[in-house]
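Engineer: For reference, the sequence and a predicted model appear below.
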Amino acid sequence: MGTQLHMFLFPLMASGHMIPMVDMAKLLAARGVKVTVVTTPLNSIAISNSIHTSKSLSVSNIHLLILKFPTAELGLPEGCENGDSVISPAILPKFISALNLLQTPFEEAVMEHRPHCIVADIFFPWVNNVAAKFGIPKLGFHGIGFFPFCAMEFVRIHQPHNHVSSDTEPFLIPHLPGEISFTKLKLHESMREDLKNDLSDFLKIAQEAESTSYGVVMNSFYELEAEYADCYRNVLGRKAWHIGPLSLCNQEIEEKSQRGKESAIDEHECLKWLDSKKPNSVVYACFGSMTKFSSDQLKEIANGLEACGKDFIWVVRKVNREEKEEDQNWLPEGFEQRMEGKGLIIRGWAPQVLILDHPAVGGFVTHCGWNSTLEGVAAGVPMVTWPVAGEQFYNEKLVTEVLKIGVAVGTQKWVRIVGDFVEGGAMEKAIRRVMEGEEAEEMRNRAKELGKMAKRAVAENGSSYSDLDALIKELKSLAF
Ligand code: UDP
C-alpha cells in the first residue's frame, strides 16, 4: 500500500459542484488512486448512492469522510446543508459562514489522514492555508471550463465594463481570442456596483485563492476549447489538467440516472417513453439545480413548448408545500390533457444524462450551467441557450458563437434564481431553429462531431485520459 496515492476531494455542497466531483472520484479510483470524499451528513447520502450504483470494483477505493455541518450553530433551517436549498438571500450569509466554519474540522481530518493531495472547490479558499501548513499540493476545482474562466478572469482584471456608457452597450472581452462581445447586464452581480452583496466578497476571495493553488483540475476536454485552454495556461500562466467530460465515466443506465439526487421518474419508464419517439425529435428542457422560475415564466415555457409542436420532456422544480395555491396552478388551462403522450413533465429531479444520451433527443433547452453544457456536448445535442445567472452567459457565447451548436433564446439580464423573462414565442422560435431546416442540420452535425470527440478524449490515450495520467504521475513524484 506504500505507494498508493491518496487524494482528498472536497466538493462544495451544491449539486452542480458535487456531481462532477463524485464522477472525478470514480475516475481516480478506476486509476488506482485512493480517494476520500469529504462532505457533510446529508450530502453523504446522495454521494454514497451515486458511488454505489457503479458496478466497478474500483469504487472500493472511494471512502467518505463526514464533517458535521454547523446548521444549528448558525441558525440555518434544519437540513440546510446544500446550496440548492439556499434560495433566499437572507440565508446566504449564514450558509457562507457555515462553509467557513468547516475549516477546523477539515484541518483535523487532514492532520489525521495525511492525504498526498487535496482537490477542493474554490469556494473553500482557506484550504490553501491548510494544505500549505501540511506541505500538501492543493488543486482547485471551480466546476467550469477554460472559456468561461478566461472570460471571467479577463473581465475581472481589465474591467472593460467600466468603459461603456450603458448596461446594454456591448464591449469586447479583452485578450480573449475570438472577439467575444458582452454587456454589463450579463455580468455576475459581483461585478456590478448596484448588486454587490455578501457573495461578492466571498467570490473575490475565492477567485484570488485560485491563482495560489498548485493548479486546477478542469472538467473539460482539450479539443472543445483548445484556444482557451492554451490561453489559460499561457496567458493567465496557470497550471491545469483537463480530465473531462467527467459525466462520461457513467456508462450503465443506473449510473447515468443516479447522479446527484434520486430521480422523480423511474428511469426505465423514462427510457420507454423516449424509445417510442423518432430520432432527434424530442426537446429536453431543464434549467439545472438552482433555477426557480416564476409562475408567469413557467406558463410561457408551457406555451413555447406547445407552440413549437415538438414532443418534449420538461423538468420543473417541485413546488414547496407552503407556496400559495395560485402559484401552483401555473400550467395553461387543459395543457396536460392536450399534451398527453406528446409531453412528459418531470416534477423534481430528472435523470439528465440518461435522457440526453437517448437518440430521440434532438434539442436541449438549457440554462447553460457548465455541467449541463458539457453533458449536452458529450451527447452531441444542439442547444437552445437560456442563461440565468452564474457564469452561464459566458457559456452561452461558447455554445452559440465559438462552437456554433446552439441558438440563444434571448435572455439579456443576469438575475439570480429567477432569470430574465422570456416569452413563449421566443422559445418556440429558438427551438424551431435548432430542430428544423438546414441551419439545424448543420448545428446537429457539428454537435454530433463534438460528441464523438468528447468520447475519444476520455478513451485510452485520448487527451483527457492522458492528462489524468500526467496528473497522477506528477502527484506521485511529489508524494513518494
Ligand atoms: N441535473 C440532473 N437532473 C436535474 C437537474 C440537474 O441530473 O433535474 C444535473 C445535471 O445533469 C448537471 C447538474 O445537475 O450535472 C447541474 O449542474 P449545472 O452546472 O448544469 O447547473 P447548476 O445546477 O449548477 O446551475
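Structural biologist: Happy to help now that I have it.

Engineer: Nearest residue to the residue in the stretch 51-200 of the chain that the ligand sits nearest to in space, ignoring adjacent ones along the chain?
Structural biologist: Per CB to the nearest ligand atom, G143 is where the stretch 51-200 of the chain lies closest to the ligand, at 6.6 Å. C-beta coordinates here come from the backbone N, C-alpha and C atoms, glycine included. Closest residue in space to G143, ignoring its immediate chain neighbours: H17 at 5.1 Å, by CB to CB, 6 or more residues apart in numbering.

Engineer: pull the CA atoms of the strand or helix carrying that neighbour into PDB?
Structural biologist: Using DSSP states H and E, the element containing H17 is helix 15-30. Written as PDB, here are the backbone C-alpha positions of helix 15-30 (Å, rounded to 0.1, in the frame of the first residue of the first chain):
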ATOM      1  CA  SER A  15     -25.400  19.700  -6.900                       C
ATOM      2  CA  GLY A  16     -23.500  21.400  -9.700                       C
ATOM      3  CA  HIS A  17     -20.300  21.000  -7.800                       C
ATOM      4  CA  MET A  18     -20.800  17.700  -6.000                       C
ATOM      5  CA  ILE A  19     -21.900  15.700  -9.100                       C
ATOM      6  CA  PRO A  20     -18.800  16.300 -11.200                       C
ATOM      7  CA  MET A  21     -16.500  15.700  -8.100                       C
ATOM      8  CA  VAL A  22     -18.200  12.400  -7.400                       C
ATOM      9  CA  ASP A  23     -17.600  11.500 -11.100                       C
ATOM     10  CA  MET A  24     -14.000  12.600 -10.600                       C
ATOM     11  CA  ALA A  25     -13.700  10.300  -7.500                       C
ATOM     12  CA  LYS A  26     -14.900   7.300  -9.700                       C
ATOM     13  CA  LEU A  27     -12.400   8.200 -12.400                       C
ATOM     14  CA  LEU A  28      -9.500   8.500 -10.000                       C
ATOM     15  CA  ALA A  29     -10.500   5.300  -8.200                       C
ATOM     16  CA  ALA A  30     -10.500   3.500 -11.500                       C
END
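
Engineer: Let me see the contact set for the residue nearest the centre of the chain.
Structural biologist: With distances taken as CA atoms, centre = their mean, the residue of the chain nearest its centroid is N371 (3.2 Å). By CB atoms under 8 Å, 6 or more residues apart in numbering, the contact set of N371 is G16, I19, P20, G143, N219, S247, G288.

Engineer: And the pLDDT for it?
Structural biologist: pLDDT recorded at N371 is 98.

Engineer: now do the one 3 residues further on
Structural biologist: Here, the pLDDT recorded for L374 equals 98.

Engineer: Next: the one 3 residues further on.
Structural biologist: The predicted structure scores V377 at 98 on the pLDDT scale.

Engineer: Would you mind stating the distance between the closest residue to Y465 other than its chain neighbours and the ligand?
Structural biologist: Distances taken as CB to CB, 6+ apart put V458 closest to Y465, at 5.8 Å, once the chain neighbours are dropped. Going from V458 to the ligand by CB to the nearest ligand atom, to the nearest Å gives 16 Å.

Engineer: same check, this time on A285
Structural biologist: 11 Å.

Engineer: for that residue, what are its contacts?
Structural biologist: Taking CB under 8 Å, 6+ apart, one finds I301, L305, F312, I313, W314, V315, F364, V365, T366 in contact with A285.

Engineer: ok now do the residue of the stretch 1-150 of the chain at minimum distance from the ligand, which residues does it touch?
Structural biologist: Closest contact between the stretch 1-150 of the chain and the ligand, by CB to the nearest ligand atom, is at G16 (2.0 Å). Residues in contact with G16 (CB under 8 Å, 6+ apart) are G143, G288, S289, M290, G369, W370, N371.

Engineer: Tell me the helix or strand right after the helix or strand hosting the last one.
Structural biologist: If I follow you right, that is N371. With secondary structure defined by DSSP H and E, N371 is part of helix 370-379. Using DSSP H and E, the helix or strand that follows helix 370-379 in sequence is strand 383-385.

Engineer: What is that next one packed up against?
Structural biologist: Judged by 3 or more CB pairs under 8 Å, 6 or more residues apart in numbering; DSSP states H and E, the packing partners of strand 383-385 are strand 361-366, strand 406-408, helix 424-435.

Engineer: And the next helix or strand past that strand?
Structural biologist: Counting by DSSP H and E, the next helix or strand C-terminal to strand 383-385 is helix 392-397.

Engineer: one step back: would you turn the contacts of N371 into a markdown table with pLDDT?
Structural biologist: Below are the contacts of N371 laid out as a markdown table (pLDDT from 0 to 100):
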| residue | pLDDT |
| --- | --- |
| G16 | 96 |
| I19 | 98 |
| P20 | 98 |
| G143 | 94 |
| N219 | 98 |
| S247 | 98 |
| G288 | 97 |
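
Engineer: Tell me the one among those residues nearest to S165.
Structural biologist: Lowest distance from S165 to the contacts of N371 (CB to CB) belongs to G288, with 33.3 Å.

Engineer: how many other residues sit next to that closest one?
Structural biologist: Residues contacting G288 under the criterion other CB atoms under 10 Å number 22.

Engineer: can you tell me how far the nearest residue to it once chain neighbours are set aside sits from T385?
Structural biologist: Counting by CB to CB, 6+ apart, G369 is the residue found nearest to G288 once chain neighbours are left out, at 4.3 Å. G369 sits 11 Å away from T385, going by CB to CB, to the nearest Å.

Engineer: And V365, by the same measure?
Structural biologist: V365 is 8 Å from T385, by CB to CB.

Engineer: what touches both of those two?
Structural biologist: Overlap of the contact sets of V365 and T385 (by CB under 8 Å, 6+ apart) consists of V409.

Engineer: which intervals of the stretch 351-480 of the chain have sub-threshold pLDDT?
Structural biologist: Across the stretch 351-480 of the chain, nothing is flagged by pLDDT under 70.
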